[in-house]
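A.B. asks: Here's my sequence, what's the structure:
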Amino acid sequence: MRLIFIIFIYLFFQTQAISKNIDNLEVNGNKRISKETIIVIGDINIDKDIGNNEINNTLKKLYESNFFSDIEIFISEKTLVINVKENPIISSIEFTTIKRESLIEELSDLISLKKRNSFSKNTLKSDLNSIRNFLKGRGYYFSKVDSSLIQNEKLNSVDLIIDVELG
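C.D. replies: Below is the predicted model:
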């Protein structure tokens with residue numbers, strides 16, 4: 001019984017987060033967003049020990065910025081390495097098959113995605129649902145809302161086309 005207790009205590013203390021002292025910071029994959037901006041957004045402080053909690057908090061803050069679609073953070077030989085894949089920038093947003101300018105303006109104000117902001121698939125899904133709910137509230141119960149993207153890999157940008165059939 002005593003042996004089991006000692007093993008349990010040993011395992012408990014072995015699984016505690018281990019902090020490491022960092023001398024360098026390396027950021028890879030960023031084109032549009034500077035290393036300094038990533039440091040500020042991620043609240044990264046190289047002068048203090050960095051453990052799992054700090055890495056998790058940094059990862060969370062970077063994802064919440066909506067600038068990145070993929071982030072990898074790890075420590076390699078006293079260097080904190082951050083690999084990022086940036087979300088594309090929205091070049092334009094176009095509503096098709098709607099003729100009334102006032103409705104297009106209302107829908108543009110309704111959605112979260114805006115021209116010159118970062119594009120996110122999750123935000124697009126949310127915006128499409130908001131448009132559907134808005135149209136139902138206006139009496140368009142059988143409306144259809146779809147989207148398509150024209151990607152420009154060279155500029156890391158997208159043209160967003162939102163097709164709205166009022167029904």
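
A.B. asks: hang on, residue 109 in a helix?
C.D. replies: Yes: assigned with DSSP: H, G, I helix; E, B strand; the rest coil, residue 109 falls within a helix.

A.B. asks: What about it, how many residues nearby?
C.D. replies: 8 (other C-beta atoms under 10 Å). For glycine as for every other residue, the C-beta is placed from the backbone atoms N, C-alpha and C.

A.B. asks: how far away is it from residue 94?
C.D. replies: Distance of residue 109 to residue 94, computed by C-beta to C-beta, to the nearest Å: 15 Å.

A.B. asks: Ok, residue 72 next?
C.D. replies: 34 Å.

A.B. asks: One more: residue 104?
C.D. replies: 9 Å.

A.B. asks: secondary structure element for the residue most central in space within the chain?
C.D. replies: Centroid-nearest residue in the chain: residue 66, 3.2 Å away (criterion: C-alpha atoms, centre = their mean). Using DSSP states H and E, residue 66 sits in no helix or strand.

A.B. asks: cool, the one 4 residues further on as well?
C.D. replies: Under the assignment given by DSSP H and E, the secondary-structure element containing residue 70 is strand 68-76.

A.B. asks: Quick check: next helix or strand after that strand?
C.D. replies: From strand 68-76 onward toward the C-terminus, using DSSP H and E, the following helix or strand is strand 79-86.

A.B. asks: Buried residues, that following strand. List them.
C.D. replies: 80, 82, 84, 86 (16 or more other C-beta atoms under 10 Å).

A.B. asks: Then stretch 100-110?
C.D. replies: 103, 104, 107.

A.B. asks: if I pick residue 145, what's in contact with it?
C.D. replies: 128, 131, 132, 135, 162, 163, 164, 165 (C-beta atoms under 8 Å, 6 or more residues apart in numbering).

A.B. asks: In strands, which of the residues you listed fall?
C.D. replies: In this view, the contacts of residue 145 that belong to strands under DSSP state E are 162, 163, 164, 165.

A.B. asks: Of these, grab the buried ones for ChimeraX.
C.D. replies: Burial among the ones in strands among the contacts of residue 145 is assessed by 16+ other C-beta under 10 Å; the matching ChimeraX selection reads:
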select :162,164
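
A.B. asks: Residue 27: which of the ones in strands among the contacts of residue 145 is nearest?
C.D. replies: residue 162 (33.7 Å; C-beta to C-beta).

A.B. asks: Against residue 73, how distant is residue 112?
C.D. replies: 27 Å.

A.B. asks: Which residue of these two possesses the greater neighbour count?
C.D. replies: Neighbours per residue (other C-beta under 10 Å) separate residue 112 from residue 73, with residue 73 holding more: 18 against 12.
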